[in-house]
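Enquirer: fold the following for me, if possible:
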Amino acid sequence: MSAPRTVADLAATNLAVRLLRKATEHPDRIAIRQGSRAISYAELDQSVRYTASVLRGCGVERGQRVALLFSNHHRFIEALLAVMWIGAVAVPLNTRAGLASLRHVLADAAPAVLVTQPELADRAAELAEPAGTPTLTAADTGWTTPSGPAPAGTSADAQPVDPGDVCLQPYTSGSTGAPKGCLLTHGGQYWNASTVAAVWELADDDRGLVTAPLHHKNAMICVVKPLLLVGGTIVIGESPKPASIPAEVERHACTYTTGVPATYELLLDSGEHEKHDLSSLRFVICGSAPLSDELGRRFTTGLGVPVIEAYGLTEGGPQVLMTPRSGEPRYGQAGKPLPGCEVHLLNVGEMPDRGVSDAPEVPVGHVGEMWVRNPGVTLGYYNLPAVTASKISRDGWLRTGDLAIADADGWYRVLGRADDMMNVGGENVYPIEVEKLLLTMPGVRQVAVVPVAHPQKGQVPVAFVKADGSLTEQQVKEYALAEGAPHAHPRRVWFVDELPVGGTGKTDRARLVELAQQRT
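Expert: Down below sits the predicted model:
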C-alpha cells in the first residue's frame, strides 16, 4: 500500500507550481520578453504569488471560476498562473469574440471575478455589469478595482490539488452552436506540456515567439507551457501581424515560432523574411488547420527551416498528433500520436454503448473519424452532461469530429471536419484534398473549397482562390479536371484578394459558405 499523499505532495501537483519550478533553479533566467520588457523567472514567480494573494483577498476560493480578458500581454500569463496557484479555474476569454458570445461565456461560467488590462477595462465593465461581477484591472504596480487599489490577502502558498482537479475552462469556438466550456485538469495539462517539450526537444536556450492569441491552445501548448517547464523564454510579439515575425525573430534571437498556414502565407507575401536575420530559427510549427504538401515545401524554402506540423483540439489534450524535429518531413501529414496518446479511426454513427477501445478501426489507408484518449482529454463540457455523454465514451475516448487517414507507419493525415465532407452524387469529396490539388497549379497562392447545394448532385465544391497573374476561372476548372477526380472539380471559382480568417487565424469557412450561397 502506498503512503498517503501529503499536503506538500498535493501542492507540487498544482500546474502553476510545476510551471514555475525554474524560478528556484534559475531565478535570473528570462521567462518572458515583450518589446523592451524582460521578466525573470524570479520576478514572474513573485508576481504570481502576489496576484494569487490579491485574488484570495477578493474572496476567490478553490474551484471558483476566474475570467481573464487580455490581449497578448505578459500580465495574462501572470494572472493565469495565479488563478491556478490558488486552486481556482481560469476561464480565458477570446477578445476577438462578439459581445453576445462573451456574455454567453460569462453567464455560463459565472466567474467570481473578471481580470483584465487597462486597454480592455471598458469592455470588461460592460461584460461584468449584467451579473455584477467584480473586476480587477492590471496597474503599473499591482491591481485595481473600480473603487481603488485591490488589497492583497495574507497567504501566498500554493493550493494543494489532486491531478484530476480542473484548472482551466477554455471555451470552444462555437462554430456549431454556443461556445462550450472544456474542463481541463492540472495533471492532464502537465502531461501534455511535458510531452510536447520532450518530443520537440525543447531546452532552456529556446526562445519561442508568440504572435497568435495567447489564450488559444496553439500558443499555450506550443510555446507558453512547455517553455516554462524547461526554463526557456516566451517572446510575446508586439504585433499580431505575420509580417512582424521576422523583425521579432531578429530582435530576440527566437529559435522557433508557431502559427497556422495563413500566418506563413502572409509572412512570405510581405517579403519581410528577406529583410531580417532569421539565422536563430531552428524550426517553425504549423497547426490549427491542415497543411498541404505544396504549402509545406514553400514555407520551408522561404524560411530556411523545417516546418513541423501538429494537430490538436481544445478538448483533446490539447495536442494529439505531432511531427518530430528529426527526420524527413512528411508535409500534409500532422504526425504521430504523442507518447501516451491513443488514436482510433472509426466509422460509427451513435456513441458505442460498450465503449470505444474494442470497436473495429477502419483499414489502413481508409478514411475514419478520429477518436482520441490521453491524460489531457477534457473531463467533459461544463454544465452540459448530455453533450459530454455524446462526445466522450464510457472508457474515456473523445469523439473529435475530424476525419483522418493513417498510413502503415502510423502517421496521420487530417482531412478536416466530418461536417465539411461533401457527398457529390454519392462520392465523398474532402475540401482539403481539392485545395491541395489546386495549390499545385502555377500561380495559385491560397485556396479554400466549400460546398454549395446542387439540384442533381446534392452538393458540389466551389473554390475561392488568391492567385498571381491573370488566371481565369476556366483555367482553374480545367486544371482540376485534368489532374484530379472529375466529381471533385470546383464548379465555380471566385478570385479574392484575401481569404477571410477568424479570430484564431483559421480560414473562416462559414463566411465563405455564405458568400458562395449569395453568388450561386
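Enquirer: ok, Leu183 to Thr388 distance?
Expert: As judged by C-beta to C-beta, to the nearest Å, Leu183 and Thr388 stand 9 Å apart. (Each C-beta comes from the backbone N, C-alpha and C, glycine too.)
Enquirer: same deal with Tyr171?
Expert: In terms of C-beta to C-beta, Tyr171 sits 15 Å off from Thr388.
Enquirer: the more surrounded of these two?
Expert: Using other C-beta atoms under 10 Å, the more surrounded residue of Tyr171 and Thr388 is Tyr171, with 25 against 17.
Enquirer: what's opposite that one in the beta bridge?
Expert: Gly181 (DSSP bridges).
Enquirer: kindly state the pLDDT recorded for it?
Expert: At Tyr171, the pLDDT value in this model is 94.
Enquirer: is it true that it touches Leu106?
Expert: No. Counting by C-beta atoms under 8 Å, Tyr171 does not reach Leu106; the two are 10.4 Å apart.
Enquirer: now for the longest helix seen in the chain, which elements pack on it?
Expert: In the chain, with assignment by DSSP state H, the single longest helix is helix 41-57. Helices and strands touching helix 41-57, by 3 or more C-beta pairs under 8 Å, 6 or more residues apart in numbering; DSSP states H and E, are helix 22-25, strand 30-34, helix 74-85.
Enquirer: what angle sits between the longest one and strand 30-34?
Expert: Which is helix 74-85. 140 degrees (axes from the mean of the first three to the mean of the last three C-alpha atoms, to 10 degrees).
Enquirer: buried stuff in helix 74-85?
Expert: By 16 or more other C-beta atoms under 10 Å, the buried positions in helix 74-85 come out as 74-85.
Enquirer: one more: the shortest one?
Expert: Of the residues in helix 22-25, 22-23 count as buried by neighbour count, 16+ other C-beta under 10 Å.
Enquirer: C-alpha coordinates for it, PDB please?
Expert: C-alpha atoms of helix 22-25 as PDB (Å, rounded to 0.1, in the frame of the first residue of the first chain):
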ATOM      1  CA  LYS A  22      12.700  27.100 -12.800                       C
ATOM      2  CA  ALA A  23      12.300  30.200 -10.600                       C
ATOM      3  CA  THR A  24      14.000  28.200  -7.900                       C
ATOM      4  CA  GLU A  25      16.600  26.500 -10.100                       C
END
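Enquirer: which residues sit against that helix?
Expert: 29, 31, 41-42, 44-45, 204, 228-231 (C-beta atoms under 8 Å, 6 or more residues apart in numbering).
Enquirer: please repeat the previous calculation with a cut-off of 10 Å.
Expert: Helix 22-25 has contacts (C-beta atoms under 10 Å, 6 or more residues apart in numbering) with 29, 31, 40-46, 48-49, 204, 227-232.
Enquirer: of the residues you listed, buried ones?
Expert: Of those, these count as buried by 16+ other C-beta under 10 Å: 29, 31, 40-46, 48-49, 227-232.
Enquirer: circling back to that earlier point, overlap in contacts of Tyr171 and Leu106?
Expert: 91, 93.
Enquirer: so, low pLDDT: which residues of the stretch 101-250 of the chain?
Expert: 154-155, 173-177 (pLDDT under 70).
Enquirer: how is this protein carved up into domains?
Expert: Taking automatic domain parsing as the reference, the chain has its domains at 8-182, 421-519.
Enquirer: most packed of the ones you listed?
Expert: Mean neighbour count (mean count of other C-beta atoms under 10 Å) peaks for domain 8-182 among the domains of the chain, with a mean of 19.
Enquirer: distance from the chain centre to that one, please.
Expert: Taking the mean of its C-alpha atoms, domain 8-182 sits 18 Å from the chain's own mean (C-alpha atoms, centre = their mean, to the nearest Å).
Enquirer: could you do stretch 384-394 as well?
Expert: The answer for stretch 384-394 is 22 Å, by C-alpha atoms, centre = their mean.
Enquirer: number the chain from 9, please
Expert: Fine by me, first position is 9 from now on; the one you just mentioned is stretch 392-402.
Enquirer: give me the buried positions along that stretch.
Expert: 396, 399-401.
Enquirer: how about stretch 242-254?
Expert: 242-245, 250, 252-254.
Enquirer: what's the spacing between it and its chain's center?
Expert: Put simply, stretch 242-254 sits 17 Å off its chain's centre (C-alpha atoms, centre = their mean).
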